[in-house]
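Peer 1: Predicted model and sequence follow; I will ask about them next.
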Amino acid sequence: MRGTTRRAVLAGGLAAVLTASLAACGSSDDEVTGGGVGTAEKPVSIRMIANDAFARQWQDQMVPEFNKLYPNIKVTIDGVPYGDLLAKEMLELTAPDPTYDIIVADDPWIPQLAKTGGLADIKGDLGKFTKADYDWDDFNTGPLAAGEWQGKQYSVPVRSNELLMFYNKTLYAKAGLPEPTPKLTWQQYLEQAPKLVQDTNKDGKPDAWAVGTYFTKDPLTPTIWQTILNSNGGQLLDGDNKPAFNTPAGVAALQTHIDLLKYAPPGAATYQFNEPLEAFRQGKTATMFMWGSVYKGTAVDPKTTTLKPEQVGIQVMPVGSLSAGAHRGMWTAAVAKKSKQAEASWSLLQWLSSKQGEQWQSNTLGVFPARKSTLSSTPQQEWLVPVFKAIADGYVAIDAGKMWRPKLPESDAIQQILATQTSRAMSGQATAEQALQTAADEVSKLLKSKGY
């Protein structure tokens, strides 16, 4: 209840602030001032708002590394729970006297945040502070595109992520099945799934199942069936921003997602993020469709998993008629346009997303890279070798199938509609066809009201 109340308060405050200031902010053309990078006598301070899932790690480990190069920039990072972060950032960017210099945003949020007029154009406003060797062309296109909107680069990738397929090699061997490869199709996967429901301790009852992933109502649950749709050449929206998912291909993709429940552990219909993760780490599921960034905690860290690296495989999701599956999930970071320390702020983000900073972050923190040079390098930690291969394959699939959430300011609202309606199909309250038709009607109404 406390979380719900907090979000309600944030939402109410957001509406009030937007009514008063959105138009003014959206049309702001004020030049961004630099503010310098500080001196020993006069250091500068910057403040960042980020997801609390990694804010403390950055504060404790990343900031000291950055300060080796920029000792006169004091950095404070405030962590906010994911469910509250977008609303708080919207309030921040529309406030007359903002607190934060740096805004860290999830993949689909940049259009909504940029529409306020509160984000600096990195290549335009901050171009004069960009180092000559930053090398924009070294980024893979998918991660960099997450920070673009209407022809401007508002943010850069600082923690890349993708939906990928994890598999338990031990359970595949017990089932007498070959380990998956990046060429595994959805048809082949579903044919093998019944054999992955196993009685491994021979007590007459199944104690291992085929799959765990998102199933219940959650903004991220639709990304699973969307990835299946994208791998078969389908899209959520067409070129005119009209719903394009209420088609036979969309219904088939959602039905595939629903059918996975047949081979999932009891109670899997309530799975969100933590439940499939825990089931896989305990050796109860042979496969998991999940964000790849959990690999270290799933295959390497004995404090969080019963598995070992040699037991865990990672690769792209199964292949459809177009390509393998993946889904873009970038955390990107932007500089607030009203920041009085824009140069120091961009210096931090520039270092963190640079070749040097990204390799440090990947090798030290296990964070997924966005740059081609990092992915083609040999990582310092052996467990990252198969991960880098899976990430690189995922970027190819993402580009081929346009595997990301809508690049619109209304993206979050669209995801909420999809989550609500597809959960009805998951629970049997509606067929896949009925759920997608209702979702299409609601998305059409939403986008029409916004002038699309």
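Peer 2: Structure received. Residues are numbered from 1 along each chain as shown.
Peer 1: The closest residue to Thr270 other than its chain neighbours: what secondary structure?
Peer 2: In space, Thr270 comes closest to Thr216 once its chain neighbours are excluded; the distance is 5.0 Å by Cβ to Cβ, 6 or more residues apart in numbering. The C-beta positions use only the backbone N, C-alpha and C, and glycine is treated the same way. Here Thr216 takes the coil state, with states given by DSSP: H, G, I helix; E, B strand; the rest coil.
Peer 1: do Pro111 as well
Peer 2: Following three-state DSSP, the label given to Pro111 is helix.
Peer 1: Now do the same contact list for it.
Peer 2: 149-150, 407-409, 411 (Cβ atoms under 8 Å, 6 or more residues apart in numbering).
Peer 1: where exactly do the strands run in the protein?
Peer 2: 44-51, 73-80, 102-106, 148-149, 152-153, 156-159, 163-168, 209-212, 285-291, 312-315, 331-335 (DSSP state E).
Peer 1: Other residues contacting the third one?
Peer 2: Same thing as strand 102-106. Contacts of strand 102-106 (Cβ under 8 Å, 6+ apart): 46-51, 82, 85-86, 89, 92-93, 113, 119, 155, 158, 329-336, 339, 345, 348-349.
Peer 1: Among the contacts of Pro111, which one sits closest to Phe280?
Peer 2: Using Cβ to Cβ, the shortest approach to Phe280 within the contacts of Pro111 belongs to Ser411, at 28.4 Å.
Peer 1: Can you report how many residues neighbour the residue lying closest to that closest one once chain neighbours are set aside?
Peer 2: Distances taken as Cβ to Cβ, 6+ apart place Pro108 nearest to Ser411, at 3.8 Å, with adjacent residues excluded. Look at Pro108: counted by other Cβ atoms under 10 Å, it has 24 neighbours.
Peer 1: how about low-confidence regions in this protein?
Peer 2: Within the chain, the stretches with pLDDT under 70 are 1-33.
Peer 1: Point to the residue nearest the middle of it.
Peer 2: Gly329 (2.3 Å; Cα atoms, centre = their mean).
Peer 1: now that one: how far from Phe368?
Peer 2: Gly329 is 9 Å from Phe368, where distance means Cβ to Cβ, to the nearest Å.
Peer 1: Give me the common contacts of those two.
Peer 2: What both Gly329 and Phe368 touch, as defined by Cβ under 8 Å, 6+ apart, is the set 160-162.
Peer 1: Using PyMOL, define a selection of the buried residues within those.
Peer 2: Of the shared contacts of Gly329 and Phe368, the buried ones can be selected in PyMOL as follows, counting by 16 or more other Cβ atoms under 10 Å:
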select buried, resi 160+161+162
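Peer 1: Output the shared contacts of Gly329 and Phe368 in a markdown table; the columns should cover distance to Ala252.
Peer 2: Shown next, in a markdown table, are these (distance: Cβ to Cβ, whole Å):
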| residue | distance to Ala252 |
| --- | --- |
| Ser160 | 30 |
| Asn161 | 26 |
| Glu162 | 23 |
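Peer 1: Tell me the one of the shared contacts of Gly329 and Phe368 nearest Leu144?
Peer 2: Distances from Leu144 to the shared contacts of Gly329 and Phe368, taken as Cβ to Cβ, are shortest for Ser160 (10.1 Å).
Peer 1: for the residue lying closest to Gly297 once chain neighbours are set aside, what are its contacts?
Peer 2: Here the nearest residue to Gly297 in space, its sequence neighbours aside, is Thr304; by Cβ to Cβ, 6+ apart that works out to 4.3 Å. Listed by Cβ under 8 Å, 6+ apart, the contact partners of Thr304 are 281, 297-298.
Peer 1: what ranges do the helices span in the stretch 251-400 of the chain?
Peer 2: Secondary structure of the stretch 251-400 of the chain (DSSP state H, counting those that start in this stretch): helices located at 274-281, 295, 342-352, 355-365, 372-375, 384-401.
Peer 1: Top of the contacts of Thr304 by number of neighbours, please.
Peer 2: Top of the contacts of Thr304 by neighbour count (other Cβ under 10 Å): Thr298, with 24 neighbours.
Peer 1: on that earlier part again, got a quick PyMOL command for the buried subset of the contacts of strand 102-106?
Peer 2: Burial among the contacts of strand 102-106 is assessed by 16+ other Cβ under 10 Å; the matching PyMOL selection reads:
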select buried, resi 46+47+48+49+50+51+85+86+89+92+93+113+119+155+158+329+330+331+332+333+334+335+336+339+345+348+349
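Peer 1: Can you report phi and psi for the residue nearest to the centre of the chain?
Peer 2: Dihedral angles phi and psi of Gly329 (degrees, to the nearest 10) take the values phi -140, psi 70.
Peer 1: Looks like it contacts Arg159 (just checking).
Peer 2: No - under the criterion of Cβ atoms under 8 Å, Gly329 is not in contact with Arg159, lying 9.3 Å apart.
Peer 1: picking that back up, the residue nearest to Thr270: what's it in contact with?
Peer 2: Thr216 touches 269-272, 423, 426, counting by Cβ under 8 Å, 6+ apart.
Peer 1: From the residues you listed, list just the buried residues.
Peer 2: 271-272, 423, 426.
Peer 1: Include distance to Pro98 when you put the residues you listed into CSV, please.
Peer 2: Formatted as CSV, the buried ones among the contacts of Thr216 follow (distance: Cβ to Cβ, whole Å):
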residue, distance to Pro98
Tyr271, 38
Gln272, 32
Ser423, 36
Met426, 40
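Peer 1: just curious, which of these is nearest to Ile258?
Peer 2: Met426 (5.9 Å).
Peer 1: How much space separates that closest one from Asn246?
Peer 2: In terms of Cβ to Cβ, Met426 sits 17 Å off from Asn246.
Peer 1: Closest to Gly320 out of the contacts of Thr216?
Peer 2: For these, the nearest to Gly320 is Met426 (20.4 Å; Cβ to Cβ).
Peer 1: Would you mind confirming that the closest one is in contact with Leu261?
Peer 2: Yes - Met426 lies in contact with Leu261 (Cβ under 8 Å); the separation is 7.3 Å.
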